[in-house]
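Chemist: No sequence on hand, only this structure:
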């Protein structure tokens, strides 16, 4: 790996050799096809819903 922007993302994939460019390009192209563009990044925002109010409320 060249230590580019995807290096932080792929740290969690373990010590084995992992080339991020083909994986991330594939994912971006798959997402893009859903949106009718060449490439896109899809994401979701997860908001935790605690059972009780947080202590600062």
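Modeler: Okay, I see it. Computed from a prediction, not measured in an experiment: that's the story for all the values here. Residues are numbered from 1 along each chain as shown.

Chemist: List the buried residues of the host helix or strand of residue 32.
Modeler: In this assignment (DSSP states H and E), residue 32 forms part of helix 20-35. Within helix 20-35, the residues that count as buried by 16 or more other C-beta atoms under 10 Å are 20, 24, 28. Quick note: C-beta positions are derived from backbone N, CA and C, even for glycine.

Chemist: Do you know the pLDDT at the second one?
Modeler: Think residue 24. Residue 24 carries a pLDDT score of 88 in this model.

Chemist: if I look at it, how far off is residue 11?
Modeler: In this view, residue 24 and residue 11 are 14 Å apart by C-beta to C-beta, to the nearest Å.

Chemist: can you check the last one too?
Modeler: Plainly put, residue 28 is 19 Å away from residue 11 if you go by C-beta to C-beta.

Chemist: How about the first one?
Modeler: As judged by C-beta to C-beta, residue 20 and residue 11 stand 10 Å apart.

Chemist: Figure out how far the helix holding residue 32 is from the centre of its chain.
Modeler: Centroid displacement of helix 20-35 relative to its chain, using C-alpha atoms, centre = their mean, to the nearest Å, is 11 Å.

Chemist: Point out the other elements, helices or strands, that that helix touches.
Modeler: helix 6-10 (3 or more C-beta pairs under 8 Å, 6 or more residues apart in numbering; DSSP states H and E).
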